[in-house]
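**Student:** Could you look at this predicted model? Sequence included:
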Amino acid sequence: MKKRKTATFYLAIVIALTFVVNVAMGGGNRFWIFLTGGGYVKEYGEVSLSLITEQGQWWRLLTCGYLHMGIIHLVGNMAALEIIGTKIEKKIGSVRMLLIYNMGTMLTAVLWCLIFPEGWSIGASLGIFVLLGMMCVLLFAKDEKRITGLSRYDKGYLIFYVIAGCFLGIGTIVGHLIGFVIGILAGGLYGKILYSRVE
């Protein structure tokens, strides 16, 4: 029997296609964009406080979570998304997982912009760290909804993923921390709603 593709898989495909479109559209040397980012799509989708508040470009709160600074950034985030997204999706469902990824990305981007009003940001890690925070809550939950089945590879990669992000600058660290805290809060809220239904 053929295994059904998950919403996490399709989310990763959309993010990867966005990267391909960005490289194809150019806005500089395409090979350099492939390696390090940049390009027209990145410029149109990155998030910054001035572009949102002064120019009303609110879509950037969402599009920033679909853009990447080069192929290594993309691959690193997609590997983490595959591990975390599929676990979360299995426990709370496809629609909820996608809502948490996208809403978490937007909320993280808003808070990040308020902390770094002169900066700009892109990357799926804004939403991935929200999912990671939620996964940590569900990992240690004492009910039937807890996350199980993380392989040694999964654990090793996630540790590497979190540590590697700490070498990308204070803006990245703060963005990841904001997303993680939002994810913990979302996981706690989900658990509270679940328990209240049971009672």
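**Tutor:** Structure's in. What do you need?
**Student:** Check which helices and strands the helix ranked longest in the chain sits against.
**Tutor:** In the chain, assigned by DSSP state H, the helix with the most residues is helix 170-198. Packing partners of helix 170-198 (3 or more C-beta pairs under 8 Å, 6 or more residues apart in numbering; DSSP states H and E): helix 94-115, helix 125-139, helix 152-165. C-betas here are computed from N, CA, C, even on glycine.
**Student:** Make a markdown table out of those helices and add distance to I71 and mean pLDDT.
**Tutor:** Shown next, in a markdown table, are the helices and strands packed on helix 170-198 (distance: least, C-beta to C-beta, whole Å; pLDDT from 0 to 100):
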| stretch | distance to I71 | mean pLDDT |
| --- | --- | --- |
| helix 94-115 | 21 | 96 |
| helix 125-139 | 15 | 92 |
| helix 152-165 | 15 | 93 |
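**Student:** out of these, nearest to G187?
**Tutor:** G187 lies closest, by C-beta to C-beta, to one member of the helices and strands packed on helix 170-198: helix 125-139, at 2.8 Å.
**Student:** Now do the closest one: distance to the chain's middle.
**Tutor:** 9 Å (C-alpha atoms, centre = their mean, to the nearest Å).
**Student:** List the buried residues for that helix?
**Tutor:** Buried residues in helix 125-139, counted by 16 or more other C-beta atoms under 10 Å: 125-138.
**Student:** Next: stretch 20-30.
**Tutor:** 22-23.
**Student:** how long is it end to end?
**Tutor:** 10 Å (C-alpha to C-alpha, to the nearest Å).
**Student:** what does that stretch contact?
**Tutor:** By C-beta atoms under 8 Å, 6 or more residues apart in numbering, the residues outside stretch 20-30 that reach it are 33-34, 37-43, 67.
**Student:** and the longest helix of the chain with helix 152-165, angle?
**Tutor:** Per axes from the mean of the first three to the mean of the last three C-alpha atoms, to 10 degrees, the angle that helix 170-198 makes with helix 152-165 is 130 degrees.
**Student:** Return the member of the buried residues of helix 125-139 nearest to L158.
**Tutor:** L132 (7.3 Å).
**Student:** Name the nearest residue to the closest one, ignoring sequence neighbours.
**Tutor:** I84 (5.4 Å; C-beta to C-beta, 6 or more residues apart in numbering).
**Student:** any chance of the contacts of stretch 20-30 in CSV, with pLDDT, neighbour count and secondary structure too?
**Tutor:** Formatted as CSV, the contacts of stretch 20-30 follow (pLDDT from 0 to 100; neighbours: other C-beta atoms under 10 Å; DSSP: H, G, I helix; E, B strand; the rest coil):
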residue, pLDDT, neighbour count, secondary structure
I33, 92, 24, helix
F34, 94, 18, helix
G37, 86, 23, coil
G38, 87, 20, coil
G39, 90, 23, coil
Y40, 90, 15, helix
V41, 91, 23, helix
K42, 90, 24, helix
E43, 90, 14, helix
L67, 95, 26, coil
